[in-house]
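A.B. asks: Quick one: sequence and predicted model below, then my questions.
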Amino acid sequence: IENYEELHGFTWLDDLAAKGDKPATEIAQRWVFSWIEKYGSGSGIGWTPKLTGKRVIRLIHHEEIILRGLSEQNKRTYFRFIYKQANFLSKRFNKTNKITMNFEAIVGLIYCGLYVDGFESFITIATEYLSRECRDKINEDGGIMSRNPEDLLEIFTNLVWVAHGLHDADWTPSQAHIEAINRIAPTLRHLRHTDGSLCRFNGSCGKLSSELDRYLFLSGNRKKTTKFLKMGYARLEGGRTSIIQDAGSLPNLFQSNLAHASVLGFELTHGRQPLIVNCGSGANFGRDWYKAARATQSHSIFCIKGQSSAKLTRYLSHNSKLAEFLSQGPSEVITNKLKLTGGTGLTVSHNAYASKYGINLERKLELSDNGEILTGSDQIVPLSTAGRSRATSYEDLEYEVRFQFHPEVKVQILDNDMVQINSKYGGTWILEALNLTPSIHPSYYFSEGQSSPIPTQQVIYSTKLNDF
């Protein structure tokens, strides 16, 4: 496991516990005790409030699989380890700031108060801190600053888990806690496709529907949002087709360490088949893949050729690691949704290229009510000299329209320059662009549980402004 947070936060325990058979149990136990041996000293790598909270939540939550068949000696080692983490969290759980998300550390301490002898007194203060986090870090629309759908699901999962834990122990979750759950649930429904998976923007690899379904059910909230824009993502739906488009500005700088330059990018899923996708998060596949996945060109998008809509900037992050954040992205993103005869239209524009090239980009999408026809129009809007920071010659700039396809989808160019899209579950679709010639190129798709990116295809249309 290459991802630092997954390794030291024990998120891999979720998958092993879900499998639950003898081989999964043996792997879980081996990895847990291997980590204790290598990193269990109580300081150093892996010992931050966030990671410790993340780790202890999963250790306690999946305790049954870890303790299954253990010797008494190993059980004592395990409980000493839990106690050491509880002690660490009791002293460090509130070491945070107004920007850093601190849910895992606080929820971890509540778990320790509920399930570890001697830490009951911390429940009251930890639940007060959790109420503050819910009010400060989750906005009125149920979104978060990072705009990462998987981050939001992680927070939601923790809030639902600890709400049930408090109820079981005859504690009442705070009003802010319950209100946060009820704000997030409709937003997660907005961010999921018709196949049930989360969209793949800003660090998200698209969690499977079963996990999302489970926690939405456990939350007790059944509401859907009536808004077309949530957490900076616009949604169109018709028949069995869903479209989710990035229509938001960049996250706050120090919440953007996983963010992508993906404004105007969209995904299309028909039934249970993702068709048009984003490459996803390359965070688990090494620095080069991680960096490439964040570029504008790794999305189904309209952009200037070779130019991302934001810049990667290296900073020393809050946990003393060198991280790359996104900056210089769009300062203004304008969205509009309109009900049309026989369908629904969505217009999104942004100014990410305005200061350097003197243009804005605009994408219009129209989805038929039956979900079988998507019409798109991409437009370059030159700015007046007054609207630019300096005079720019943009006539010879090249522009690209990219469509990334799911690995289960195969594409071929027909004689009339139409692109035929074939899929097992989504049927056959035809992609046609007016006065533009398509070309097929190799691409990649990042999927959880894979040791390397999955090869796939993309279709690119390229032109110059004076030909557009």
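C.D. replies: It's in.

A.B. asks: Got phi/psi on residue 446?
C.D. replies: phi -90, psi 130 (degrees, to the nearest 10).

A.B. asks: count of neighbours near the nearest residue to it once chain neighbours are set aside?
C.D. replies: Leaving aside its sequence neighbours, residue 446 sits nearest to residue 280 (CB to CB, 6 or more residues apart in numbering; 3.8 Å). All C-beta spots, glycine's among them, are computed from the backbone N, C-alpha and C. When counting by other CB atoms under 10 Å, one arrives at 27 neighbours for residue 280.

A.B. asks: Confirm residue 280 sits in a strand?
C.D. replies: No: using DSSP: H, G, I helix; E, B strand; the rest coil, the assignment for residue 280 is coil, not a strand.

A.B. asks: so it sits right up against residue 450, yeah?
C.D. replies: No: in this structure residue 280 lies outside contact range of residue 450 using CB atoms under 8 Å: 10.5 Å.

A.B. asks: Give me the below-cutoff pLDDT ranges for this structure.
C.D. replies: Along the chain, segments meeting pLDDT under 70 span 1-4, 96-100, 207-209, 315-322, 385-395, 465-468.

A.B. asks: And the helices in it, which stretches?
C.D. replies: 4-9, 12-19, 22-39, 49-61, 63-67, 72-92, 103-115, 122-137, 149-168, 175-190, 209-219, 287-294, 354-357 (DSSP state H).

A.B. asks: Looking at the ones you listed, spot the one closest to residue 227.
C.D. replies: helix 175-190 (7.6 Å; CB to CB).

A.B. asks: distance between that closest one and the chain's centre?
C.D. replies: Relative to its parent chain, helix 175-190 has a centroid offset of 17 Å by CA atoms, centre = their mean, to the nearest Å.

A.B. asks: The nearest residue in space to residue 327 that is not next to it in sequence - how many residues pack around it?
C.D. replies: Spatial nearest neighbour of residue 327, chain neighbours left out: residue 313 (4.7 Å); criterion: CB to CB, 6+ apart. The tally of other residues near residue 313 (other CB under 10 Å) stands at 13.

A.B. asks: So what pairs up with residue 313 in the strands?
C.D. replies: For residue 313, the beta-bridge partners under DSSP bridges are residue 325.

A.B. asks: That one and residue 300: what is the separation?
C.D. replies: 25 Å (CB to CB, to the nearest Å).

A.B. asks: Tell me, how many residues neighbour residue 376?
C.D. replies: 16.

A.B. asks: separation between it and residue 436?
C.D. replies: 12 Å.

A.B. asks: residues contacting residue 430?
C.D. replies: By CB atoms under 8 Å, 6 or more residues apart in numbering, the contact set of residue 430 is 418-421.

A.B. asks: now residue 427
C.D. replies: residue 270.

A.B. asks: Repeat that for the one 10 residues further on.
C.D. replies: Listed by CB under 8 Å, 6+ apart, the contact set of residue 437 reads 417, 461.

A.B. asks: Quick check, central residue of this protein?
C.D. replies: residue 204 (2.6 Å; CA atoms, centre = their mean).

A.B. asks: next one: phi and psi at it?
C.D. replies: phi -90, psi 140.

A.B. asks: hang on, the earlier thing: between the contacts of residue 430, which has the most around it?
C.D. replies: residue 421 (22 neighbours).

A.B. asks: how distant is stretch 146-155 from the center of its chain?
C.D. replies: Using CA atoms, centre = their mean, the offset of stretch 146-155 from its chain centre is 6 Å.

A.B. asks: Great, nothing more from me.
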